[in-house]
Structure formats: structure tokens, C-alpha cells
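Participant: sequence and predicted structure below; questions after.
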Amino acid sequence: MALIQKKICMLGSFGVGKTSLVARFVQGIFSGKYLSTVGVKIDKKQMRVGDQDVLLLLWDLAGEDSRSQVQISYLKGASGYFLVVDGTFAESLVTAKSIHQRAVEAVGEIPVMLIVNKSDLWGRWEITMPELEKMQAEGWIIQVTSAKTGEGVEKMFQTMTEQVLKSSPPSEEEDDTEP
Amino acid sequence: MGSTPADLKRDSEPDQDRDELAELRALLLGQQIVELQALQQRLDDPNLRADEISQILSKAVALSLKRDGGLQRSFYPVVEQALKVSIAKNPAIIATSLAPIIGEAVRKAVADAFRDIAETINVTLENSLSWQSVKWRIEGWRTGKPFSDVVLLRSQRYKVWQVFLIHKETGLMLQHLEARGGGVDEAELVSSMLTAIQDFARDVAERTIRTSRVKQSEDLEGVKLGKFWICVHHGPQMLLAATVVGTPPPGLGKVFAREDELIHREFATALATFNGDASAFDAARPHLQNCLLGSTARPQEPSPWWLVAVAAVLLGVVAIDMGVHRHNSRWNQYLARLQNEPGIVITGWKNSWGHYDVTGLRDPLAADPEKLAAEYGIDPARVAGHFQDYESLDQRFLLRREFENEKQALEQLRILFPVNSSALLPDQSLRLDSLEQHLDRLQQAARALGRKIHVTLYGRADQTGPESKNAVLSKERAERVLDALRERGVPAEWLSVVGLGVSEPIRQGSEAYTLEVNRSVALKVESQPQGER
């Protein structure tokens, strides 16, 4: 089947590890300086689900902090997004929920995954398991990761690809253009 | 006159005669009477007549047109009137029908107008006479091209190197083509980043408009970067972006517009259902091929990494739009470089009478702002940097600092020896352990920095013995230390030994402490980028 491309965004507070999360697992040509200037850096990662090859174009959006908000306009046209939080920093979950609300207002309901990063610092987590279990019961898809050890990173991209394909399956037609 | 009996009989029986006549008529003309009645009905019934005419009308019209065209003249006012009524009643219908062709119609009209102008110029040129015009005229005559085309071709040197067709909403690459026939490296990333920069430029422009009275925001249509142009044509659902070397002629944008419109029209269905599968747009390649224009005179070919560089400079260009310094691009580029330089934080700058003042923080390990100024063609004498020292937490600096610390610690360590001996005393083994640990950490820091290290062990002797003996002794001492380090697992290829004898004493003098310090082995660390010999 032909390769299909999907735009995926990475959102979250400043310093939760979005950039490190992708840095080791993706292919890119642009320097990180774009994040601080243009507010976005784009990398790509090729995945395979069943017999479908999918090229994820990962838009890593500059993190949100008290002075600046995530530029939701970059979400336009995305097929899904990751909300990245730092397990050791409870406030990052509050920020993520607020970003999520704005994202839904802007682009509607598209696949979203909550990524709880820094599993290597498990002992220092502020976000509690019951809290995450409650969110999971509410329908959130949650993945625990560590950018440092690589735990859960492949899995998060794999799950996102599956979600995206499920929500908009590739068309069966070989070619629907006019000659 | 009297009546005959026969006459009487006729007069008395008229009804009977009529019946007989009808009977006779029926006998003689029965079939024709039925046919006549059917004919009568055809003439009387308007529905039937309309049905019949509809069957022959088109043929009749065709015949009439072939004969004398009289029908056209008769229809003319009727059609005109009908159109008027239709437009008055619902203008949307006619507008919708015309929409797909109106762009082309307008362009054709404009093109005609331009051709007229070109012809006028052509005449003017043909009347002029210079050596160049004579050459061009010969070329036109030889190749059969109009003189004006030759002038356009020869006087404008440009080449469209790459064309990208990009889905506007998602920024996904639909198709791309390069003049050399191959694909563009990382075209998907480039397409997405171009869209992101577009979005960014628009956001910035809108922000600027809110705060000042700049004219209405528009999409980024082109950026010039040295020899390159990035030209962007904005269609309703797609962007057509091209990289052009040289100066693109004014007509190039029209070509892009035309091809973009054609692709929009041909791929309307594919666009409406676009799901990330770019193969649906493979058939658009001929349209992109039409955009790969340019003269055969070869402008310099861009390097393979041009796009990364282009994107970086584009970034600079866009950052300028953020609105502080709009003049002096070199200065702005230099500032952008400083701002992006690790270990340098710019807190303020001003430009007065061609002299620049920059204030901020600088890690002592960061690049020298004055040297950077020279790289951007700015006279370092015109730049005054007012930097306060600080320690950057940038990973590279942390590593470099660690490297420098370890190097310093190593170079301060000395392994001491007894008088007239190269034997390692037991009390020096702690120092050797420490030496080994520092070496190990130094090596790790060096590897992370992409460098390799080399350590020279300098053996020394005190000034008491004969010089020839001291030379040998000092080298032996260095070799002992080398052996000890090797035994501890330090690779021999990092190490080398030098016997200094008494030529470069650590301290001058003859007191006991000085002599002791000089009976020693000290280290010197050198490093160079990995891969260099």
C-alpha cells in the first residue's frame, strides 16, 4: 500500500522533555533553534501498522510557560497530537489539560495521547497513579515514557499511528483522480 | 314540362340515395378516410404536433445553418433576451458556470495585452542597433524564435531548481520535482517547515498590524536569499513553492498560477478526500515539470545542503520581521547569530552612527563576538561588546568545563622519585590512582566532545648529578609512570614519554624542596577533533 503522511503535534509545558522524547527516535534536519524562534521544529518518523506504511511528520511545538502559550494555530491540519507531561511535576498535567481544551476548540476531536515522561525518576513523581487511572477510565490513552532510557517511546508512536489510522482509514481506491 | 316516373322516384327517396353514396364511398375510399381522420387529429392536437417537431427540429436547424445561417440571425435576439432574463433572475447560476474559465479568460486577456507590449518593444528593439542586438538577431534568425523571446532568454538568467506542491492545511508534501530529474532530500520535512514558516510569518504580520499601521497582511509570496529566491504561489488548497537561482522574471508567477489552477481543477476530488496519500498526485508531475523553467545558460548550482542553509537564513529573514531592526541585514544576521550562539545571552544592543554596542552575558568558553563580527563582514572595531561572565548550562559547555577541569587537575599532579632512582615508591601509588581516575574522566569528556586526547609524560631530574646521567634518569622515570599507567589499563597509544633532564626545571633553586619537586614526572594533555591525525 502506498505510503501515507500524517501530521502529528507534540504539545506540553516547557521543559517536560518533548524535544528529548523525539530527539533520539526520529530523523530530522532542522536545528533546535527553530523552537525558540519560529516556535516549531519538524522531524519525521516512519511507522508501520499492518501492511500500511505511515510517515509521521512530528511538529514539536515550543513549550508553554507562564509567559507564552502554545501556538495552537500550528495544530491546523494535524491528524493527532501528544500531550506531554512531566511525571515529577504535577503542574504540567494542569497545563496539558488546559492546552487540550484549547486544542479541541481549535481543531475538534482528533486522536490524542497523554504521555507521562520521566519514568526513570519514578521515585520523585508528583503525578499519582490513581490520578492517571481515573483519567484512563475517562477514556484517555496514556503512555508512560522515559526519554532517558527510551522506555515506551516506540510504543507511543506506534499507538498514535494506530489511533490515527483508525480515525481516518486510508481510502481503498487506487486512484480517484481524473486522467 | 311534365315529370317522368323516374324523376318522381328520385325525389321521393333522397335519404336512401345518401346512404348508398356513403356506402359506395366507403367501398371505394375506406382506407383513405381513416388516414384523413388521423391527419386531422395530428393537426388539431398541439401535444402531438410538439412531439413531432421535437424529433425533427435539430435536423432542421442543422440544415438551415448549412444553407444560409438565417436561423442564427433569427435566434440571436431571442437568446440574448433569454440570457438577460436568466441573469436577472439568478446571477449565481451563470457565475458558477463561468468561474472555472474566468481565471483563464482573464489571464489570456492579460497575456494578450503583454504580448502587444512585447511586440511594441520588439519593434523598438529591432529599430535599435548595437553589437548585442545584432548577435541576438542572428540567434533569432538561426533558431526561428521571435527576437523578443531571444532578448528575454538572454537578458534574464535564472533557473527554477525545485518545485514543491504542498497541501495547505496539513503542510504535507503532495509532490516535488527537481530540475535534474531526481527528488529533493527530505522533501517532506522541507514542505512542512515551509508551511510552518508561512504560518509564523502570517502570525507575526498579524501581530504587527494589530500594534501598528502596517498595510493589510498577506501571505509570504517570495523571499530572496543571496542568489536564491523562494517563490510561493498560494492556491485555495495548495501551495506551489519553487526555489529559483538568479532573478525570476515577472512572468514566472503567472506560470505558477496557471499550473496551480490546473492542478486544483484536475485534482479537485483527490484534494477533497486527501488523507495523507500523496500518490494520488503523481499525475500532477507534468504540471510541476512545466514550472521547471529557466534559461539554458547555467547559473551556479546550489549545494546539496542548500535547503538547510536557506531555511536558516529564511529564519533570520523572518526573525527580522519580528520587528526591531529592519535595516542593515548583515548586522541583523550577526545579531541573530549571537542570539543563537550557545553561551551568549544578548540583553540589549544599539546602533549609533555606524557603531554598535552589544550588552549581555557570555560564558568564557563561548565564541568570541568580535571574531564572529568579522565573519559577517562587520568591522570588529565598530562593535563594542559589554559582556559579563556567566556559566552557561548548555551541555557542550558543561562538558568542556569538565574537560578543562580534569585537564588542569591532571597537569597539576606530579609523581615524585627518590634521589638518583627511577623506582616508584609505594607512597606514590595513591597519586597514580588519582592520575588514572582523572585520565578516565578526561577521556569520557573528550569523547562526548568528539575529541581524542594525547598525554605526554615529562620526566625530570634534579640539578645535582652529571647531565648525561640526568637525561637518561629523567626518561626512565617517565617510562616507569607510563608502565604503571599501562598496568592500570590506560591504553598505551594515548601516552608518550619525554626525558627533559634538567633542561626545564619546575622550580629554580637548590633548596631541598625544589630538588624534590624537580625529581618528578608531570603530564601535559593535548586534544584534537576525532578523525584528525
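Facilitator: Yes, it's here.

Participant: list the buried ones in the helix or strand harbouring B:Thr347?
Facilitator: Using DSSP states H and E, B:Thr347 sits in strand B:344-352. Neighbour counts over strand B:344-352 (16 or more other CB atoms under 10 Å in any protein chain shown) mark B:344-346, B:349 as buried. In this view, the C-beta of every residue, glycine as well, is placed from N, C-alpha and C.

Participant: turn these into JSON lines, including pLDDT and distance to chain A.
Facilitator: Shown next, in JSON lines, are those (pLDDT from 0 to 100; distance: CB to the nearest CB, whole Å):
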{"residue": "B:Ile344", "pLDDT": "87", "distance to chain A": "13"}
{"residue": "B:Val345", "pLDDT": "84", "distance to chain A": "12"}
{"residue": "B:Ile346", "pLDDT": "85", "distance to chain A": "13"}
{"residue": "B:Trp349", "pLDDT": "81", "distance to chain A": "17"}
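
Participant: ok, of the residues you listed, which one's closest to B:Leu442?
Facilitator: B:Ile344 (26.4 Å; CB to CB).

Participant: wait, doesn't that closest one sit right on B:Ala366?
Facilitator: Yes: the criterion here is CB atoms under 8 Å, and B:Ile344 meets it with B:Ala366 at 5.1 Å.

Participant: shaky segments in the stretch 301-450 of chain B?
Facilitator: B:301-328, B:353-354 (pLDDT under 70).

Participant: which single residue of it ends up nearest chain A?
Facilitator: B:Asn340 (5.0 Å; CB to the nearest CB).

Participant: and that residue, its phi and psi?
Facilitator: Main-chain torsions, B:Asn340, degrees, to the nearest 10: phi -90, psi -10.

Participant: number of residues surrounding it?
Facilitator: If you count neighbours by other CB atoms under 10 Å in any protein chain shown, B:Asn340 ends up with 18.

Participant: contacting residues around the helix or strand harbouring B:Pro286?
Facilitator: Element membership of B:Pro286, judged by DSSP H and E, is helix B:285-291. Here helix B:285-291 makes contact (CB atoms under 8 Å, 6 or more residues apart in numbering or on different chains) with B:160, B:163, B:165, B:175-177, B:240, B:242, B:255-256, B:259, B:262-263.

Participant: wait, does the helix or strand in which B:Gln408 is found contact chain A?
Facilitator: Assigned by DSSP H and E, B:Gln408 falls within helix B:395-412. No: counting by CB under 8 Å from any CB of the partner chain, chain A is not contacted by helix B:395-412; separation bottoms out at 11.1 Å.

Participant: buried residues in that helix?
Facilitator: Quick answer for helix B:395-412 (16+ other CB under 10 Å): B:397, B:399-403, B:406-407, B:410.

Participant: pLDDT weak spots in chain A?
Facilitator: Ranges of chain A meeting pLDDT under 70: A:28-37, A:66, A:170-179.

Participant: quick one, helices of it?
Facilitator: Under the criterion DSSP state H, helices of chain A are mapped to A:18-23, A:33-37, A:91-107, A:129-137, A:153-167.

Participant: now the first one: how far from the chain's centre is it?
Facilitator: The gap between the average C-alpha position of helix A:18-23 and the chain average comes to 10 Å, counting by CA atoms, centre = their mean, to the nearest Å.

Participant: so what touches it?
Facilitator: So helix A:18-23 is contacted by A:10-12, A:32, A:35, A:41, A:43, A:45, A:58, A:60-61, A:63, A:82, A:84, A:115, A:117, A:145, A:147-148, A:153 (CB under 8 Å, 6+ apart).

Participant: got it, and the third one?
Facilitator: Taking contacts as CB under 8 Å, 6+ apart, the residues outside helix A:91-107 that touch it are A:11-13, A:16, A:64, A:69-70, A:72-73, A:75-76, A:78, A:81, A:83-86, A:112, A:114, A:127, A:131.
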